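J.: this is the structure alone, sequence omitted:
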Ligand SMILES: Cc1cn([C@H]2C[C@H](O)[C@@H](COP(=O)(O)OP(=O)(O)O[C@H]3O[C@H](C)C(=O)[C@H](O)[C@H]3O)O2)c(=O)[nH]c1=O
């Protein structure tokens, strides 16, 4: 399963090898061995799935330590603009964002380590998003950042008037005011 580094350390894009034939297609959507083979020692413990309509933004969310989550994210129907923000204190890319369109067609996945805020916007009519987490949900540890924080200047891929958020996400703080106990630790680069 090919891995691609991104502009932010420890953040990787996966493009699984797809086997197509006259019946359709097959691909390994996750392999612990593939992660281990490149030096990512991750044990996912919870799978999440959400379905959202066009223009919905879920995020930007994270869980504080000791409940911080690494995630492996993909769209199994439709298309999303997936966005992460590096909020690891001491990281050379602190406050930097990375976005990628994950779609059922391109089958791309994004591996997001702990220490990032994560969110996505639904670009298609609807989208079903499935993501693996290496720590359980812990409501008390939840934190978040406003989707329209001017310091982040995120392009969600749709005009502002098409965006749909719940009140909880509208009320999230700016990056400058958010709770944060993530500290950057240099990791061995994955052998991609
Ligand atoms: C995250 C989560 C939520 N819930 C319950 C709590 C609520 O009653 C309901 C909806 O939760 P919420 O509105 O927080 O769901 P999202 O807005 O999709 O939250 C997610 O949004 C972005 C994209 C993320 O990366 C996070 O995984 C997560 O924060 O599911 C659970 O039972 N388990 C869970 O792991």
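T.: In hand now; what should we look at? Remember, it's a predicted structure, so these values are computed and weren't measured experimentally.

J.: tell me which helix or strand comes right after the lengthiest helix in the chain.
T.: Residue-count comparison of every helix in the chain, with assignments taken from DSSP state H, identifies helix 32-37 as the longest. As assigned by DSSP states H and E, the chain's next helix or strand after helix 32-37 is strand 46-53.

J.: residues of the protein that sit close to the ligand?
T.: Counting by CB under 6 Å from any ligand atom, the residues of the chain close to the ligand are 48, 50, 58, 59, 61, 118, 119, 120, 137. C-beta coordinates here come from the backbone N, C-alpha and C atoms, glycine included.

J.: drop anything exposed from the residues you listed.
T.: Among the residues of the chain next to the ligand, those scoring as buried are 58, 59, 61, 118, 119, 120 (criterion: 16 or more other CB atoms under 10 Å).

J.: quick one: residues contacting the second one.
T.: The contact partners of residue 59, by CB atoms under 8 Å, 6 or more residues apart in numbering, come to 83, 117, 118, 119, 120, 144, 147, 169.

J.: which stretches of the protein form helices?
T.: Defined through DSSP H, the helices belonging to the chain, from first to last, are 32-37, 167-170.
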